[in-house]
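In: Dropping a prediction and its sequence here:
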There are 2 protein chains.
Amino acid sequence: MGILDFFKTRPKNTASVAKERLRIIVAQERAQRGSPDYLPLLRRELLEVIKKYVNVDPDAVLINVEREGDQEVLELSVTLPDKAPDFATGQV
Amino acid sequence: MGILDFFKTRPKNTASVAKERLRIIVAQERAQRGSPDYLPLLRRELLEVIKKYVNVDPDAVLINVEREGDQEVLELSVTLPDKAPDFATGQV
C-alpha cells in the first residue's frame, strides 16, 4: 500500500467546510531494547516547528501514540486556521 | 487500517543487522487551491530537529514526496547510527 493510499483510508475532513489539515507521523523501529525513545522529544519539537509557521490552536491538535513490538508510532493531526500565514514576514 | 498496520506493510529492516529507523511522514490536506505549501519548509526543519538528537548521515536519509488531488505527502526515512546519543549532555 502506498503512502497516499494510506491517507485515503484515514477519516477525511468531516467538517462541512473543508479544513486545511496537517498530519505528522513519526514511527520508530527499534533494533534493540533500551535504545533511546525519540518520540517524546520529537513530539514537543515538532509542535514548536509547526507553531513557527502556523498559529496553532492547542485544541486543534490531536495526538495519538501506538506501540507494538519494536514499532512505536506518534501521530499529530493539526487542523490549520483558515487564514494563511504570511511567509514573507513570518507573521501568523 | 490502523497506523501500526500501515508500517507493518512497509519494507522492514532488510539489513542483516537490524538498524534503528525513524520515519517521519508529513501529510497536508488542502482545503483550497493556492493555500501555502508547508512541506518544503517542514522538510528542512524536521531534519534539523532530528540532527539535534542524532548524528544523521545525510546519505542515510531517504526522502519521498507524493502528490494527488488535495493530498500531499512527504516521507523522511532515517537509518539511525548504532551508537545511541547521550541525552544528558546532548552529545551525539
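Out: Happy to help now that I have it. Since the model is a prediction, treat every value here as computed from it, not as a measurement.

In: Parallel or antiparallel, which strands does the host helix or strand of residue A:72 pair with?
Out: If you go by DSSP states H and E, residue A:72 is part of strand A:71-79. Looking at strand A:71-79 with DSSP bridges, its paired strands and their directions are strand A:21-29 (antiparallel), strand A:61-68 (antiparallel).

In: among the ones you listed, which is nearest residue B:51?
Out: For residue B:51, the closest of the strands paired with strand A:71-79 is strand A:21-29, at 14.9 Å, according to C-beta to C-beta. Glycine gets a C-beta too; all of them are placed from N, C-alpha and C.

In: wouldn't residue A:31 be in contact with residue B:22 here?
Out: No. Counting by C-beta atoms under 8 Å, residue B:22 is not a contact partner of residue A:31; they are 11.5 Å apart.

In: So between the two, which is more surrounded?
Out: For residue A:31 versus residue B:22, neighbours defined as other C-beta atoms under 10 Å in any protein chain shown are more numerous around residue B:22 (22 against 16).

In: Just list whatever residues bridge to that one.
Out: Here residue B:22 shows beta-bridge partners residue A:28, residue B:78, assigned using DSSP bridges.

In: so who does it touch?
Out: The contact partners of residue B:22, by C-beta atoms under 8 Å, 6 or more residues apart in numbering or on different chains, come to A:26, A:27, A:28, A:29, A:38, B:50, B:54, B:77, B:78, B:80.

In: Pick out whichever of those residues sits closest to residue B:65.
Out: Distance from residue B:65 was checked for each of these by C-beta to C-beta. The minimum falls on residue B:77, at 12.4 Å.

In: Can you give me the neighbour number for that closest one?
Out: Burial of residue B:77, expressed as a neighbour count using other C-beta under 10 Å, amounts to 18.

In: Next up, the contacts around the residue nearest to residue A:29 when sequence neighbours are not counted.
Out: If the residues on either side of it in the chain are set aside, residue A:29 comes closest to residue B:21, at 4.2 Å by C-beta to C-beta, 6 or more residues apart in numbering or on different chains. Residue B:21 makes contacts with A:28, A:29, B:13, B:77, B:78, B:79, B:80, as judged by C-beta under 8 Å, 6+ apart.
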